[in-house]
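>>> Provide a 3D model corresponding to the input given below.
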Amino acid sequence: MARIGDSIVNTTLVVCALSIGASVSYRAFQRPQSSAAPPTPTHMRAWDEVLSLGRSISGDDTASTTVAIFGDLQCPACKGYHEIVVRRILEEHPHDVRVLFLSFPLSYHKYALPAARATECIHSASERRQWIDLLYSKQDSLGLKSWGAFAAEAGLRDTSTIVTCADGRSIPSDIAAILKLGKDLVRGTPTVAVNGWVYPHPPSVEEIDSLRRAATGSSRPSPPS
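Numbering: from 1, shown residues only. Here you go, the predicted model:
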């Protein structure tokens, strides 16, 4: 899986990335009703790029099912989806479902980009999960406490690196690549893909579990009927 590099995108790329982020909104997320018709997913062409850019927060690399989430850590809808769906998936399927997080900071969220920069600097999946769990649970405290305090509360070992990354002034190249990738894909955050299938609305636990049960190990399994 690609790791964040030390290189920083040039000014033109930064401006383009910010403009992409500005064109996307977050979507309201509510627990799906059982009577609602399931959304129809579409297969994405750039799934391999998603796998390369995504940061693992749980699951094995050999897992039959991969859930990739384009998320903004200051987005209320992302918080709701993480707490209602993602955490349950992580608890029920810690090994056979791999969950990837793709930092997609929206430009009008003041603390989303610093949070994303810090996320890119965490190289342990378990610590990354702790960080994301904490920031979503303490989302109302963004801007009220330091990044070092967040890192310490999340139990991260290298709090100084988190502070340095969060306080940066540019967009790391991998985040810029995710923003570019999501230009034609992401219409709202969170946007979720399962084994390469993108849902028009974030899939429920039941929909993800259906794909997990049907998974054959192919990178392009059939979507649920």
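
>>> which residues does the residue nearest in space to the middle of the chain contact?
The residue lying closest to the centre of the chain (Cα atoms, centre = their mean) is Phe101, at 2.9 Å. Contact analysis of Phe101 by Cβ atoms under 8 Å, 6 or more residues apart in numbering lists 54-57, 69, 71, 119, 128, 132. Glycine gets a C-beta too; all of them are placed from N, C-alpha and C.

>>> highest neighbour count among these?
Counting neighbours by other Cβ atoms under 10 Å, the top entry in the contacts of Phe101 is Gly71, with 30 neighbours.

>>> which stretches in the chain count as strands?
25-26, 42-43, 55-58, 65-71, 97-103, 188-189, 191-194, 197-198 (DSSP state E).

>>> using a markdown table, lay out those together with mean pLDDT.
Below are the strands of the chain laid out as a markdown table (pLDDT from 0 to 100):
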| stretch | mean pLDDT |
| --- | --- |
| strand 25-26 | 64 |
| strand 42-43 | 90 |
| strand 55-58 | 96 |
| strand 65-71 | 97 |
| strand 97-103 | 97 |
| strand 188-189 | 94 |
| strand 191-194 | 96 |
| strand 197-198 | 92 |
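
>>> turn the ones you listed into TSV, including distance to Lys138.
Formatted as TSV, the strands of the chain follow (distance: least, Cβ to Cβ, whole Å):
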stretch	distance to Lys138
strand 25-26	18
strand 42-43	35
strand 55-58	17
strand 65-71	16
strand 97-103	17
strand 188-189	18
strand 191-194	23
strand 197-198	29
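
>>> quick one: closest of the ones you listed to Tyr136.
Judged by Cβ to Cβ, the one of these that comes nearest to Tyr136 is strand 65-71, at 9.0 Å.

>>> mind listing what that closest one pairs with, with the direction of each?
Counting by DSSP bridges, the strands paired with strand 65-71 are strand 97-103 (parallel), strand 191-194 (antiparallel).

>>> and which of the contacts of Phe101 is nearest to Arg169?
Checking the contacts of Phe101 against Arg169 with Cβ to Cβ, the nearest one is Thr119 at 16.8 Å.

>>> give the contact list for the closest one.
Thr119 makes contact with 55, 73, 101, 103, 128, 131-132, according to Cβ under 8 Å, 6+ apart.
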